[in-house]
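Q: Here is my input, please return the structure:
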Amino acid sequence: MPITNANYNPPMVAIRLNQLLTESGHAPLDPGTTGKFAAYLALLLKWNAKTNLTAIRDEEGILSRHFLESILCASKLPKDIVSLLDFGSGAGFPGIPIALMRKEISVTLAESQNKKAAFLREAVRTLNLKTQVHSGRAETLKTIYDCITLRAVDNMAQAIPAAIRLLKPNGYLAIMTTTEDAAMIQSAAEQCALPHWYPLQPLPQNTNRVLLLGQLGN
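A: Below is the predicted model of the structure:
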């Protein structure tokens, strides 16, 4: 059953999230992990009431769009990733779900807007994550990463070359986008010498949302 304001509670969140995952072909999450997602949702709703973290403000929308897509993205990332930068993290998608799902990955959330960065720090503290928060533009970072994720970045054409500069050799660029925009994004990345692309992967099935995964050369 979809979540509404009238029936929101943590056990219902766990049931609904696992229902969405099962419908998408993903295994259900264990109680500890669904509890973390329920706490993340509660914190997001609380902050979203006073600051604009995300345009999707209802529980069902957050679960079906933000959480589901991010969990599916986490499951589709290559297994050899050790470090990951969520470029322009916003309210933490997909970086925080990746940190919850893929505990072997060291995740950094980069967000230049102060209010959103403050939310990310509070979310990391509340969820007891080891995730780092960079309060500033990702372009100013000196570290390089195995993988960089981008989702709903304001200026994707400008962000792509900046993100590629922060990739290690053989690193991955993981972009959550639509089937309509994938070709344009792929073309922009190829101009920055990103030579290899994996087949588009749906997020989830029967929608226009996809994971566009590219790999840098040596």
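Q: in the longest strand along the chain, what counts as buried?
A: Longest strand in the chain, counting residues (DSSP state E): strand 167-178. Using 16 or more other Cβ atoms under 10 Å as the burial criterion, the residues of strand 167-178 that qualify are Leu167, Gly171, Tyr172, Leu173, Ala174, Ile175, Met176, Thr177. Yep, even glycine has a C-beta here, placed from its N, CA and C like the rest.
Q: Run the chain-centre distance for it.
A: On the basis of Cα atoms, centre = their mean, to the nearest Å, strand 167-178 sits 12 Å off its chain's mean C-alpha point.
Q: before we move on, the earlier item: in CSV, list the buried residues of strand 167-178 along with distance to Ile98.
A: As requested, the buried residues of strand 167-178 are exported to CSV (distance: Cβ to Cβ, whole Å):
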residue, distance to Ile98
Leu167, 16
Gly171, 15
Tyr172, 12
Leu173, 14
Ala174, 9
Ile175, 14
Met176, 11
Thr177, 17
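Q: Leaving out chain neighbours, which residue sits closest to the residue most central in space within the chain?
A: Geometric centre of the chain, nearest residue: Pro94, 0.8 Å, by Cα atoms, centre = their mean. Leaving aside its chain neighbours, Pro94 sits nearest to Ser70 (3.6 Å; criterion: Cβ to Cβ, 6 or more residues apart in numbering).
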